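1. What follows is a predicted protein model with its sequence.
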Amino acid sequence: MSDTTRASVLWRPWTPITQQAQSLRIVEARGNRVRDEDGKWYIDAISGVLNASCGHAHPKLIDAATRQMGQLVHYDPMVTSHDPAEKLASRLADILPGELNETLLLNSGSEATEAAVRIALQYWRNLGEDRNRVITFEAGYHGSTFLCQKLSGLPFTVSEWTEPFPIDRVPLPAPASRMQTQEAADALVAGFEQALRSGPPAAAVIVEPLLGLGGCVVLPSGFLSRLRSLCDEHGALLILDEVFCGFGRTGRMFGFDHEGITPDLVTMSKGISGGYLPLAAVTVTSGIKQSFLSEPLVQGLRYGHTTGGHAVAAAVANTVLDVMSEEGLVENSAAQGRRLLEGLGRFTGSSLVAGVRGLGLVVALEASSVEAGEAIAVTMAAEGVMARHERGVIRIAPPLTISTEETDQIVDAVRVAVGQGAAAAQPVR
């Protein structure tokens with residue numbers, strides 16, 4: 001079978017069918033870099049999508065997976081547990097605040113969202129209340145399954161099928177570039193307060209600490225703590241989606257750590273296993289788990305997957321936590337994120353750059369147009385930096401192991417891209 005034929009039979013998600021055969025192919029990854037089939041190496045500034053913590057091909061993570069495969073690959077979680085999963089759940093209880101002590105292990109962020117919402121709705125039934133309304137961001141993104149896509153109001157996730165339960169989506173009161181003002185914070189809180197006051201009592205509010213696919217929106221300081229208070233006032237559970245933000249991406253272990261709050265449920269994936277194997281988690285308070293003693297059919301949770309909490313993935317996740325501590329990766333995320341934000345901020349005001357924003361090692365460069373964003377991303381790749389471009393926003397999220405030298409190389413690639421674009425836009429004399 002030829003390479004062209006092989007490309008045509010693989011149906012890749014979220015990619016125009018006509019473009020799939022022409023896409024760049026990555027064949028190797030080491031540390032903070034990836035190599036294409038032509039032998040060119042790139043700094044991986046897309047890694048926040050998958051490899052959010054320890055870099056590629058980390059020997060300790062490879063060794064953890066190999067050792068666990070030789071002992072126990074996995075076993076049905078409805079029949080028994082195993083040491084890697086038990087250890088991981090215990091360690092999550094140690095690093096999460098308050099009474100976030102009870103963890104369900106799954107495979108993906110979408111599954112974690114499904115589970116968290118199901119748990120929240122069933123919790124109220126366990127207490128004898130039929131609350132089933134969920135409030136979220138219109139520009140939020142929580143996964144790709146039917147339920148997850150219904151939570152979002154983003155154009156590429158909107159579908160025509162009937163919603164499974166009442167969902168209220170709160171719009172952003174200002175463009176992403178102006179969301180850091182006190183005025184925006186007040187308007188955003190007012191939007192969620194209005195949603196909580198309108199209609200029947202809400203079962204839960206689910207938000208990301210930083211809106212990823214919704215435009216890489218850094219929420220205003222103090223918003224999450226005010227939202228926590230609103231949820232307490234109206235009796236709604238607060239679910240925080242840490243699938244993208246969790247495990248050091250924002251310069252703290254979790255995104256909500258920036259505000260010192262404790263959600264009722266938290267969803268995690270991606271960075272939990274460093275992107276090495278599919279793994280996700282939902283951790284809830286002890287009170288929520290105990291309510292399931294009143295669940296009428298099994299006196300427990302009627303949700304789960306055969307490979308949820310896979311033993312090899314859990315063993316890798318435990319080693320990820322070790323590596324993050326030993327190598328100071330959360331601290332490095334904060335330091336390199338500040339350096340990246342400062343370096344890219346110098347291009348604000350260019351004819352191609354509308355603004356720069358970020359938190360930890362996720363920094364967004366907002367281009368002046370979709371075309372300008374595409375041009376910048378293409379030139380960055382030519383300069384040896386792979387970055388993700390989405391609707392005029394270039395999201396830069398390298399592994400947490402990124403060095404100062406590599407951070408500066410990312411900034412240099414953007415400098416070249418912006419300079420070339422500005423020169424091309426000058427009229428010919």
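-> Everything's here; your move.

2. What confidence value was assigned to the closest residue to Thr285 other than its chain neighbours?
-> Ranked by C-beta to C-beta, 6 or more residues apart in numbering and with sequence neighbours excluded, the top spatial neighbour of Thr285 is Glu99, at 4.3 Å. Placement of C-beta: from N, CA and C, glycine included. Confidence at Glu99, expressed as pLDDT, is 94.

3. What count of nearby residues applies to Glu99?
-> Neighbours of Glu99 under the rule other C-beta atoms under 10 Å: 15.

4. following the helix or strand bottoming out on mean pLDDT in the chain, which helix or strand comes up?
-> For the chain, counting by mean pLDDT, DSSP states H and E, helix 3-9 ranks last in confidence among helices and strands (a mean of 58). Towards the C-terminus, the helix or strand next in line after helix 3-9, according to DSSP states H and E, is strand 26-30.

5. so how far is that following strand off the chain centroid?
-> With C-alpha atoms, centre = their mean, to the nearest Å as the basis, the distance from the averaged C-alpha position of strand 26-30 to the chain average is 22 Å.

6. which secondary structure elements does it contact?
-> Packed against strand 26-30, as judged by 3 or more C-beta pairs under 8 Å, 6 or more residues apart in numbering; DSSP states H and E, are the following elements: strand 33-36.

7. The next helix or strand after the strand it packs on pairs with which strands, and in what direction?
-> Towards the C-terminus, the helix or strand next in line after strand 33-36, according to DSSP H and E, is strand 41-44. Applying DSSP bridges to the sheet, strand 41-44 is found paired with strand 33-36 (antiparallel), strand 385-386 (parallel).

8. Just the buried residues of the longest one, please?
-> By neighbour count, with 16 or more other C-beta atoms under 10 Å as the criterion, the buried positions of strand 33-36 are 33-34.

9. Show me what it is in contact with.
-> Applying C-beta atoms under 8 Å, 6 or more residues apart in numbering, the set of residues contacting strand 33-36 from outside is 24-29, 41-44, 56, 386.

10. want to throw those into a markdown table with distance to Asp412, pLDDT and neighbour count?
-> Output for these, formatted as a markdown table (distance: C-beta to C-beta, whole Å; pLDDT from 0 to 100; neighbours: other C-beta atoms under 10 Å):
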| residue | distance to Asp412 | pLDDT | neighbour count |
| --- | --- | --- | --- |
| Leu24 | 21 | 82 | 12 |
| Arg25 | 25 | 87 | 10 |
| Ile26 | 22 | 90 | 14 |
| Val27 | 25 | 93 | 10 |
| Glu28 | 23 | 94 | 13 |
| Ala29 | 22 | 93 | 19 |
| Trp41 | 15 | 97 | 13 |
| Tyr42 | 14 | 97 | 23 |
| Ile43 | 10 | 96 | 26 |
| Asp44 | 16 | 96 | 27 |
| His56 | 22 | 94 | 21 |
| Met386 | 15 | 95 | 21 |
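
11. any idea how far Glu342 is from Glu331?
-> Applying C-beta to C-beta, to the nearest Å, the value for Glu331 to Glu342 is 17 Å.

12. Return the list of helices and strands in contact with the lengthiest helix in the chain.
-> Taking DSSP state H as the assignment, the helix of the chain that covers the most residues is helix 404-425. Identification of packing neighbours for helix 404-425 by 3+ C-beta pairs under 8 Å, 6+ apart yields strand 41-44, helix 329-345, helix 370-382, strand 385-386.

13. quick check: mean pLDDT across it?
-> On average, the pLDDT along helix 404-425 is 88.

14. Buried residues, that helix. List them.
-> Buried residues in helix 404-425, counted by 16+ other C-beta under 10 Å: 406-407, 409-411, 413-418, 420-421.

15. relative to helix 370-382, how tilted is it?
-> When axes from the mean of the first three to the mean of the last three C-alpha atoms, to 10 degrees is applied, the directions of helix 404-425 and helix 370-382 differ by 130 degrees.

16. Export helix 404-425 to PDB, keeping only CA atoms.
-> Backbone C-alpha positions of helix 404-425 (Å, rounded to 0.1, in the frame of the first residue of the first chain) are rendered in PDB as follows:
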ATOM      1  CA  THR A 404      15.400  29.100  28.600                       C
ATOM      2  CA  GLU A 405      17.300  28.700  25.300                       C
ATOM      3  CA  GLU A 406      14.300  27.000  23.700                       C
ATOM      4  CA  THR A 407      11.900  29.600  25.000                       C
ATOM      5  CA  ASP A 408      14.100  32.300  23.400                       C
ATOM      6  CA  GLN A 409      14.100  30.300  20.200                       C
ATOM      7  CA  ILE A 410      10.300  30.400  20.100                       C
ATOM      8  CA  VAL A 411      10.400  34.200  20.600                       C
ATOM      9  CA  ASP A 412      12.900  34.500  17.800                       C
ATOM     10  CA  ALA A 413      10.800  32.400  15.400                       C
ATOM     11  CA  VAL A 414       7.800  34.700  16.100                       C
ATOM     12  CA  ARG A 415      10.100  37.800  15.500                       C
ATOM     13  CA  VAL A 416      11.100  36.500  12.100                       C
ATOM     14  CA  ALA A 417       7.500  35.600  11.200                       C
ATOM     15  CA  VAL A 418       6.100  39.000  12.300                       C
ATOM     16  CA  GLY A 419       9.000  40.800  10.500                       C
ATOM     17  CA  GLN A 420       8.500  38.900   7.300                       C
ATOM     18  CA  GLY A 421       4.800  39.500   7.400                       C
ATOM     19  CA  ALA A 422       5.100  43.200   8.000                       C
ATOM     20  CA  ALA A 423       7.700  43.500   5.200                       C
ATOM     21  CA  ALA A 424       5.400  41.700   2.800                       C
ATOM     22  CA  ALA A 425       2.600  44.000   3.600                       C
END
